[in-house]
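Asker: Provide a 3D model corresponding to the input given below.
(2 chains)
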Amino acid sequence: MSILEATELHAGYGGMNILNGVSISIEAHEIGVIVGPNGAGKSTTLKALFGLLNITHGTVTFNGRDITNMQANRLVPLGMSYVPQEQNVFVNLTVEENLEMGAFIRRDSYDHLIDQVYHIFEPLKHKRNQPAGELSGGQRQMVAIGRALMTEPRLILLDEPTAGLSPLYMSEIFDRIIEINRQGVGVLMVEQNAKQALAIAHKGFVLAAGQNRYTGTGQALLSDPEVAKSFLGG
Amino acid sequence: MAELVFFLNKVVLAGLIIGSIYALGAVGVTLIYSILRFAHFAHGDLMTTGAGISLLISLLLVGAGLDQSSLAVYLAIPLAVIVTAFLSVVLDRIFYRHLREAGVKPVVLVMASIGVMLMLQGLVRMIGGTAARDMYVTGASKAIFRIPVPFADNRPLVLTEPQLILIVLTVVVVIALHLFLTQAKLGKAMRAMSDNPMLARVSGIDTERVVRATWIIGGGLAALAGIMLALDVSYKPDLSFNILLPIFAAAILGGIGQPYGAILGGFVVGFAETMAVFNWAILLRPFKDTWIGELGLPAQIAFVPTEYKLIVPFIILVAILLSRPTGILKGRVL
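Answerer: The predicted structure follows:
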């Protein structure tokens, strides 16, 4: 059964629709990647899925349950996490406090999860008591993803996790995402670096003008000459 | 050296006392600003309301048979703090929450808080009248502590009972607030929400719970400041409204949204006031037989006459907004 199933989503800001029928479906334990040109509605799709944007038409189910237009504070306990593209860390809080805020809804002890995050993102361990605002872009991204992992989500939504990062950090972040996925967390991410992202994707969604243009496995999309010509830069 | 002791009493101790009041008020203003993003103009009258509630409770306690000098007065303090904290949450529920949920601009909330301010002023006068009242309802007189100073022959440092309690409580509050913000999960969530409200929501933080905690702390501290001020002077319906300006000056001076800044700002404004109204000629008196005495300096050298004391926070406010609008500790620009 699909963990996340979105059918024919229409959504937008203030009456202006940006999504005109986007459908996303991924299985638990899969990596799904949304690619497409600027303004295609990639980030908007994630926001709509996470209840940050009003869905005017279409439905979203998570684990079989209807979550259309459900607010973020109810989605997090269900096992869904979201990492925004920008301003995704609490800059005045330390690295460790950022992680603790990710676990805000937990009533039990979560020390082992903090250790787990430090295990995945080694560089954070030495900076645990530093304000997140003092870290480099790549390390901030690690804090942001680490924060989202603190609820032990079943699905994590990542909005351009490698935006603005050097190629070295980019592949580092991709490696970590694969590792997180291997531990059983479903991933749905939006990426500008389409080729690299589709290479690690079980499923890819090519959006254009707020609609699905191509949908398929990552490998199938990569080897599709049409997709390559129009969206992957040849 | 009696002149030096006079200086310590009039400038250092008096600054510490009024600074504590400002600090307690400014912490609430700054916390409310950092979480709810609006300047809470009803804060001064929330302080008065707290003092009024304390007065009422002590009258009730006396009526119930408790009449051991000032026990009823002091017992009423924690009760009034709790009641006022609860009242702040209720005021938020009735007046601010709907506006917040409707996503209004901050200026609308500011206007609403001015409305609440006028309403509280009316209620306080309706219930308590307009006359000044003695908070010590049992008629007990305040104990006065005279601390002898070794180098001054017969002039002691003078501190009254409520002033001593105020200073001790302020220290306790500052430490407790620090521990809450850095150790407690809810305190950290408060800092997180002040830092990035969108991310706080996305992380699953119960933002309404944080808002409630903000009102409880802000309202409770406002009550404490109002009660202590009324105990030190006397209860008057406009007592705390009159210090709204220095409280805002303190919050902005310290960096709006920065609780430690608000405490620092409170003491800076407090000391600035006492230094501005102090008659510095007194410190020159011991030298009147030297060349200084021959200068023919006037017997009254103060920057500001006491009755114009309010000009000091006003000048500080204007100066800080012109030169460093983010305040000492880099808060948000208003």
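Asker: Which parts of the chain are strands?
Answerer: Picked chain A for this. For chain A, strands defined by DSSP state E occupy the ranges A:2-13, A:16-27, A:31-35, A:55-62, A:65-66, A:80-83, A:155-159, A:186-190, A:203-208, A:211-216.
Asker: Wait, chain B was what I had in mind.
Answerer: According to DSSP E, the strands that chain B contains are B:144-147, B:157-160.
Asker: deepest of these, which one?
Answerer: strand B:157-160 (a mean of 16; mean count of other Cβ atoms under 10 Å in any protein chain shown). Heads up, the C-betas are built off the backbone N, CA and C, glycines and all.
Asker: Show me what that strand is in contact with.
Answerer: The contact list for strand B:157-160 (Cβ atoms under 8 Å, 6 or more residues apart in numbering or on different chains) reads B:5, B:8-9, B:13, B:142-147, B:149, B:232.
Asker: picking up where we left off before, Serialize the strands of chain B to JSON lines and add fields for distance to residue B:318 and mean pLDDT.
Answerer: Shown next, in JSON lines, are the strands of chain B (distance: least, Cβ to Cβ, whole Å; pLDDT from 0 to 100):
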{"stretch": "strand B:144-147", "distance to residue B:318": "38", "mean pLDDT": "89"}
{"stretch": "strand B:157-160", "distance to residue B:318": "33", "mean pLDDT": "92"}
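Asker: Could you export the ones you listed as JSON lines, including distance to residue B:243?
Answerer: Below are the strands of chain B laid out as JSON lines (distance: least, Cβ to Cβ, whole Å):
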{"stretch": "strand B:144-147", "distance to residue B:243": "24"}
{"stretch": "strand B:157-160", "distance to residue B:243": "19"}
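Asker: can you put the contacts of strand B:157-160 in a markdown table and add distance to chain A?
Answerer: Output for the contacts of strand B:157-160, formatted as a markdown table (distance: Cβ to the nearest Cβ, whole Å):
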| residue | distance to chain A |
| --- | --- |
| B:5 | 43 |
| B:8 | 38 |
| B:9 | 40 |
| B:13 | 35 |
| B:142 | 42 |
| B:143 | 44 |
| B:144 | 44 |
| B:145 | 41 |
| B:146 | 46 |
| B:147 | 41 |
| B:149 | 43 |
| B:232 | 36 |
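Asker: Which pair in those residues has the greatest spatial separation?
Answerer: B:149 and B:232 (22.1 Å; Cβ to Cβ).
Asker: how about the strands of chain B, which one is nearest residue A:87?
Answerer: Closest among those, using Cβ to Cβ: strand B:157-160, at 48.7 Å.
Asker: Centre of the chain to that closest one, how far?
Answerer: 20 Å (Cα atoms, centre = their mean, to the nearest Å).
Asker: Just the helices from the stretch 1-150 of chain B, written as ranges.
Answerer: B:2-7, B:14-36, B:43-63, B:71-91, B:97-101, B:106-128 (DSSP state H, counting those that start in this stretch).
Asker: so which of those helices comes closest to residue A:67?
Answerer: If we rank those by Cβ to Cβ, the stretch that ends up nearest is helix B:97-101, at 21.1 Å.
Asker: Can you name the residues of chain A that neighbour chain B?
Answerer: For chain A, the residues in contact with chain B (Cβ under 8 Å from any Cβ of the partner chain) are A:50, A:52, A:72-73, A:75-77, A:82, A:84, A:87-93, A:97, A:100-102, A:104-105, A:147-148, A:151.
Asker: Got a ChimeraX select line for the buried ones in those?
Answerer: Buried subset of these, written as a ChimeraX selection, criterion 16 or more other Cβ atoms under 10 Å in any protein chain shown:
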select /A:50,52,72,73,75,76,82,84,88,89,90,91,92,93,97,100,101,102,104,147,148,151
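Asker: Now go through the residues of chain A next to chain B and say which are in helices.
Answerer: Among those, the residues falling in helices (DSSP state H) are A:72-73, A:75-77, A:97, A:100-102, A:147-148.
Asker: what are the phi and psi angles of residue B:203?
Answerer: Main-chain torsions, residue B:203, degrees, to the nearest 10: phi -70, psi -10.
Asker: Now do the contacts for it.
Answerer: Residue B:203 touches A:76, A:101-102, A:104, A:147-148, B:192, counting by Cβ under 8 Å, 6+ apart.
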